[in-house]
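Chemist: give me a 3D structure for the following:
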Amino acid sequence: MFMLKNLNYFILLMFFMSFMSLCMNRFHLLMILLSLEFIMLIIYFSLIMYLNFFMMELFFSMMFLVFSVCEGVLGLSILIIMVRVYGNDNFQVLSIL
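Modeler: Okay, here's the model as predicted:
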């Protein structure tokens, strides 16, 4: 039980570190995508722990992986289009309006 509590603290710490990385590197799309993938990895690990703890099926974790891969592919597609059009991945060159 003590090990599980430490593991939960570690997961929470990793989530906050990845969220801080997302906030600090918010001007480059590639760094945003890497931070989001790290957050997805932490959420996946938490989901696996939760499902194993309650002895449930792992089918939902496979669906979660499929959706996170689709999210990564869409993000990389946007990155490629943005680099081809603007020449870099800075959000500062984009006009919001």
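
Chemist: I'd like the average pLDDT over the longest helix that the chain contains.
Modeler: The residue-count maximum for a helix in the chain (DSSP state H) belongs to helix 59-86. In this model, helix 59-86 has an average pLDDT of 92.

Chemist: which other helices and strands contact that helix?
Modeler: On a contact count with 3 or more CB pairs under 8 Å, 6 or more residues apart in numbering; DSSP states H and E, helix 59-86 meets helix 29-53. In short, each C-beta sits where N, CA and C put it, glycine included.

Chemist: could you pull out the buried residues of the helix it packs on?
Modeler: By neighbour count on 16 or more other CB atoms under 10 Å, the buried set for helix 29-53 is 29, 32-40, 42, 45-46.

Chemist: list the helices and strands that helix packs on?
Modeler: helix 2-24, helix 59-86.

Chemist: what's the closest of those to residue 52?
Modeler: Of all the helices and strands packed on helix 29-53, it is helix 59-86 that lies closest to residue 52, at 9.7 Å by CB to CB.

Chemist: hang on, the earlier thing: in the longest helix of the chain, which residues are buried?
Modeler: 61, 64, 68, 75, 79, 82.

Chemist: in space, what's closest to the fourth one - neighbours in sequence excluded?
Modeler: In space, and not counting its chain neighbours, residue 75 is closest to residue 33: 4.5 Å by CB to CB, 6 or more residues apart in numbering.

Chemist: ends of stretch 46-66, what's the gap?
Modeler: Using CA to CA, to the nearest Å, the end-to-end distance of stretch 46-66 comes to 16 Å.

Chemist: give me the contacts around it.
Modeler: 4, 7, 11, 43-44 (CB atoms under 8 Å, 6 or more residues apart in numbering).

Chemist: likewise for stretch 79-96?
Modeler: 26-30, 33.

Chemist: and that stretch, how far out from the chain middle?
Modeler: 21 Å (CA atoms, centre = their mean, to the nearest Å).
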